[in-house]
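A.B. asks: the sequence isn't on hand, but the structure is:
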């Protein structure tokens, strides 16, 4: 196979690749991760590059925007190397440094709910320091029997032991001069021995708390006995290259022979990359990690475990698992002790996963008298309503708008994303604030919500989201395709092009907010409550953290309640994982929470659709639900 | 690497091998299995061949007998191919067709004890035919929960399921149109799901009953639900190449880095060769085999599982395991269902293994009032004395004499082995009978015992085993090395050389029989019984089957009891495995038997040594113990 050299500017990195390699693949092997959420089939149109010179074979144009065409850009995924080539990578094609909720308590807006205080700090992972009697000709019990007898003296009965831990038991006992450290897992009436170490080990006992999101993955390194968070790492889920949302990933897993294994490998390698960083940075070895608690949505959990998710997306939407069998580190090849226990939170339904159960644990709502609404907004909106007596949950597809998908200049919440917008209602002049305060590269979810609220307040759009064409400003203009409003001029922008919101973008945002709000309404109706009965609203998830509550109420995304009733919980999923790692009582409570929740399937009956249609206005057709929104 | 052709005569088989390959390896790749019990290091001196022409590099002479030298033979393991070569393989260098106790009930001398009749025929392996409710939008429990609920309806609670069985559960349920066949294992309060098959499977439920002996391995294919033995296969344990007895194998496992894994692979591949034959011959697939019950001595069990056996041979002789954790087919790579259960009988002590526990189960002695002595004679003699109230066990090293080891013309019980000897007390002329009635190739254990008894009866040897040099016959002669007696002349022999018994051979046999008898005496003394208190003697094992009781009493190997008190049980170890496979109650009884047995360590105290010294005569120093032996 002929090799060609590809040179990437401005960083001047060169790689040699086989003829036929796409520029997307070449960039990746050069360590440059381009934005690509469609898996390289040309549909997301994000991996734009400028081919400066050299020989490239076009594999088709893909979904390249007119603007990109005008700038002479090409999609990297649709350009195959046919000779030595030089490529310029625009800044906004590069996947930016991560804005992932590590739950490092460094987010000012985040309120910590110490749910752990309600539970006994006593993990299902335990360590025993044993000193065995040395054998003699007359006291000649076998090594394993000797160990088990000593464990029984410590109250550990019927512990299961895997063959791997027996193979070198003889040497371990003798190396430690009959003193050993035994780590066990005790869950669901099943005690298993994770490790047997020679001598009395003083190194702390470690575990991972893991959140596997569709978009991002976060791993906390936790000291199990003290409860201390030692370190945390987060990154994007490598599955993103196979599709943005759970549905496209399920399709990939179902439609391709190796699709499922590709997706499993992608997420396992994402977790392992983080796990490895944590282990190396903290001078540990994988065998030091004795357990991992994993929270993910139902599809993520199935893909992580290699379980075919095909039927999750086919009516009647049946997942394979809710309660997940305990899995060993070695079964998934995770960077941890091979006999270490991987516990996955049980799902409630196909679209309400273990991440929500974990989140509910972290909110403490299942122990409160007052009525709490817990919302995790991402590509899907999942929510739980209830208190200590009852819990209702549902999931709605908000679409990718809040994560920047399907929006002309939408972007994830990353450096350069517009997150706040100010519009003068007289001059229609615009000011904005970006994450990191640099030049804008696009608009993220919180910026879209704020922008929509401000456009409406300034009278630039009407209640249905249509532009008021009588508004006199050069920012409002008609292109070949649509009406649009310029938020940032080309000279202000990192992209050196105008950043706009089109009428079609606005429709997408309204559909997204309508879906969330009508799902909340449907749960309330089921419980015969009105929105004002809610005592507390807990917002979780990456998007939630950057959300402006006032704006959200203004556009009718969230119920019209006083701002002090709102709490940001940050990464509730990894928080709940940590609580379950540190307290067996809490872990079992989470299982009880999962069983207790009533799942509301929104596609059954007409309530949701009726509510959705009413919610496709700003803020709503029924203004009595939004008394604070002045119109 | 240069290739050379090796031609093997008389069968005229040629193979091409790399330069430097030994003739032993070349023969093996030509499908000719030569006798070799030392692992190819030249010490056993059995793999003799005649190099007719060609180029061979000598790697040393090894332990080549003077006779072989005289005949111009070389050891195949010490001859490396250096050019095209023609080799003649003498018949007695070839490993003969197997004489392995398959327990196919085709041995006339064997009495069957139906121990199974005492137990409920209800295996720990069970099959359930389930029909699940088809899911709907409102009845939307996940697949696994749906399956578990149906299992609970069938009385199966808290069944553990491995991830592998979950991965394709969705398809299995739908392929079978919601009808499935679930096979479970239920043992030690632990229920696990072995397999979930689409539809209602009508194929029988199969399991293996396995006996792993130091010398031979036997696998029975059994229908679990009917109890029928479908087929049986046996062969030599491939570990033999690393040593004849457990001690040399432990040394090999301990002294070489890869020794343990070589030994594990050897025995696993032996079992797999048999398992594969059974599966193929009976038109099954490995997944049809849902369980395997394995009986082996302590060292064999540890090697089978890959557990370091080092400390078994070092005082205080501690094994790693007695009770063995349940292991899955995939953990050992056995030809069976990967999630199938492998149950190993628990050992009693380092030198009384699960094979003896299995044997005791097969004898039914733990359910009898009368006192039974159970003896399994091989390289080691293991024995159990007792009844329903008490059981004592011990092991003694009989050495390899009874299997032909350490005896000038000793051989295993194979075609051509002398098994009966007749000596005229006047003329000292000899007649003999061989296995298969052909020309003799050597003497096997039963022939040695018979020969010794006849030499003594004819007055050719005295009570201490020394030749009476005044006996006038050309058969008694002195060589450079020793006195010897010719049993078969060269012209009568397949080897075309004289087959003899030397004085040193006789000493070895006396030591072997003395060890067995004094072990029996030590147990009796411990229980303050004399030999005549024994009501029944059950003889097991390959050697036992060819044993002549009269001869054995004559030389003082076995207690002097009426012949009707003796029973041959054949391969008691595989019999017990079968019983445990078919009845959970019996399996648990075997565990109770193991716990109940008192192990007598013969090296503690002086009783055994005193008894041994007294037993180094024919039949014994204390003739009152052998009233039937006329002098």
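C.D. replies: Cool, got the structure. Everything quoted here is computed from the prediction, not taken from an experiment. Numbering: from 1, shown residues only, chains lettered A, B, ... in the order given.
A.B. asks: the stretch 151-300 of chain A: helices as residue ranges?
C.D. replies: A:163-167, A:169-175, A:246-255, A:259-281, A:298-305 (DSSP state H, counting those that start in this stretch).
A.B. asks: okay, buried residues for the shortest one please.
C.D. replies: Burial within helix A:163-167, assessed by neighbour count using 16 or more other CB atoms under 10 Å in any protein chain shown, is assigned to A:163, A:165, A:166, A:167. Any C-beta I mention is one placed from the backbone N, CA and C, and that applies to glycine too.
A.B. asks: those: which ones sit near chain B?
C.D. replies: By CB under 8 Å from any CB of the partner chain, the members of those lying near chain B are A:163, A:166, A:167.
A.B. asks: next one: the residue positioned nearest the centre of chain A from residue A:45, what distance?
C.D. replies: Nearest to the geometric centre of chain A sits residue A:213, at 2.6 Å (CA atoms, centre = their mean). Using CB to CB, to the nearest Å, residue A:213 is found at 24 Å from residue A:45.
A.B. asks: quick one on the thing from earlier: identify, from the buried residues of helix A:163-167, the entry nearest to residue A:346.
C.D. replies: Nearest to residue A:346 out of those is residue A:165 (CB to CB; 27.3 Å).
A.B. asks: burial measure for residue A:69, as a count.
C.D. replies: By other CB atoms under 10 Å in any protein chain shown, the residues close to residue A:69 number 12.
A.B. asks: with residue A:347 instead?
C.D. replies: Look at residue A:347: counted by other CB under 10 Å, it has 30 neighbours.
A.B. asks: repeat that for residue A:18.
C.D. replies: So residue A:18, with other CB under 10 Å, has 13 neighbours.
A.B. asks: excluding sequence neighbours, find me the nearest residue to it.
C.D. replies: residue A:1 (4.6 Å; CB to CB, 6 or more residues apart in numbering or on different chains).
A.B. asks: just send the ones next to chain B among the buried residues of helix A:163-167 back as TSV, with pLDDT too.
C.D. replies: Output for these, formatted as TSV (pLDDT from 0 to 100):
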residue	pLDDT
A:163	96
A:166	96
A:167	95
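A.B. asks: so where's chain A uncertain?
C.D. replies: A:37-39, A:95-113, A:542, A:545, A:631 (pLDDT under 70).
A.B. asks: outline the domain layout of it.
C.D. replies: Structurally, chain A divides into domains by automatic domain parsing as follows: A:3-93, A:206-344, A:364-400+A:510-625, A:409-503.
A.B. asks: for those, which one sits closest to residue B:34?
C.D. replies: When the domains of chain A are ranked by proximity to residue B:34 (CB to CB), domain A:206-344 comes first, at 40.8 Å.
A.B. asks: end to end on that closest one, go ahead and measure it.
C.D. replies: 17 Å (CA to CA, to the nearest Å).
A.B. asks: now do stretch A:458-475
C.D. replies: Between the opening and closing residues of stretch A:458-475 lies a distance of 13 Å (CA to CA).
A.B. asks: list the buried residues for it?
C.D. replies: A:458, A:460, A:461, A:463, A:465, A:467, A:473, A:475.
A.B. asks: before we move on, what about stretch A:42-56?
C.D. replies: Of the residues in stretch A:42-56, A:42, A:44, A:45, A:46, A:47, A:48, A:49, A:50, A:51, A:54, A:56 count as buried by neighbour count, 16+ other CB under 10 Å.
A.B. asks: follow-up on the earlier one: out of the domains of chain A, nearest to residue B:546?
C.D. replies: Of all the domains of chain A, the one in closest proximity to residue B:546, counting by CB to CB, is domain A:206-344 (47.0 Å).
A.B. asks: isn't residue A:161 up against residue A:145?
C.D. replies: No: look at residue A:161 against residue A:145 with CB atoms under 8 Å: they stay out of range, at 11.4 Å.
A.B. asks: ok so, going back, next, format the buried residues of stretch A:42-56 as CSV and append secondary structure and distance to chain B.
C.D. replies: Converted to CSV, these look like this (DSSP: H, G, I helix; E, B strand; the rest coil; distance: CB to the nearest CB, whole Å):
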residue, secondary structure, distance to chain B
A:42, coil, 31
A:44, coil, 29
A:45, coil, 34
A:46, coil, 33
A:47, coil, 33
A:48, strand, 39
A:49, strand, 39
A:50, strand, 45
A:51, strand, 43
A:54, strand, 45
A:56, strand, 41
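A.B. asks: what's the most distant pair in those residues?
C.D. replies: Across the buried residues of stretch A:42-56 (CB to CB), the longest gap, 24.4 Å, separates A:44 and A:54.
A.B. asks: name the element residue A:81 belongs to?
C.D. replies: Taking DSSP states H and E as the definition, residue A:81 sits inside strand A:79-88.
A.B. asks: within its sheet, name the partner strands of the helix or strand following that strand and how each one runs.
C.D. replies: Next along the chain after strand A:79-88, taking DSSP H and E as the criterion, comes strand A:125-131. When pairing is defined by DSSP bridges, strand A:125-131 lines up against strand A:179-187 (antiparallel).
A.B. asks: how far out from the middle of the chain is the strand it pairs with?
C.D. replies: Distance of strand A:179-187 from the chain centroid (CA atoms, centre = their mean, to the nearest Å) equals 33 Å.
A.B. asks: count of neighbours near the residue in the stretch 351-500 of chain A positioned nearest to chain B?
C.D. replies: Per CB to the nearest CB, residue A:351 is where the stretch 351-500 of chain A lies closest to chain B, at 10.7 Å. Residue A:351: 26 surrounding residues under other CB under 10 Å.
A.B. asks: now swap in residue A:283 and tell me
C.D. replies: Neighbourhood size, residue A:283 [other CB under 10 Å]: 7.
A.B. asks: residue A:288 and chain B, how far apart?
C.D. replies: 24 Å (CB to the nearest CB, to the nearest Å).
A.B. asks: ok, that residue - how many residues close by?
C.D. replies: So residue A:288, with other CB under 10 Å, has 20 neighbours.
A.B. asks: residues contacting it?
C.D. replies: Counting by CB atoms under 8 Å, 6 or more residues apart in numbering or on different chains, residue A:288 touches A:203, A:206, A:279, A:337.
A.B. asks: surely the second one touches residue A:223?
C.D. replies: Think residue A:206. Yes: using CB under 8 Å, residue A:206 is in contact with residue A:223, at 6.2 Å.
A.B. asks: does residue A:239 touch residue A:269 like I think?
C.D. replies: No: with contacts counted by CB under 8 Å, residue A:239 stays clear of residue A:269, the gap being 9.9 Å.
A.B. asks: which one of the two is surrounded by more residues?
C.D. replies: Taking neighbours as other CB under 10 Å, residue A:239 and residue A:269 compare with residue A:239 leading, 30 against 14.
A.B. asks: okay, buried residues for stretch A:287-295 please.
C.D. replies: A:287, A:288, A:289, A:290, A:291, A:292, A:293, A:294, A:295.
A.B. asks: pipe the residues you listed into CSV and attach distance to residue B:558 per row.
C.D. replies: Shown next, in CSV, are the buried residues of stretch A:287-295 (distance: CB to CB, whole Å):
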residue, distance to residue B:558
A:287, 54
A:288, 59
A:289, 59
A:290, 56
A:291, 58
A:292, 61
A:293, 63
A:294, 64
A:295, 69
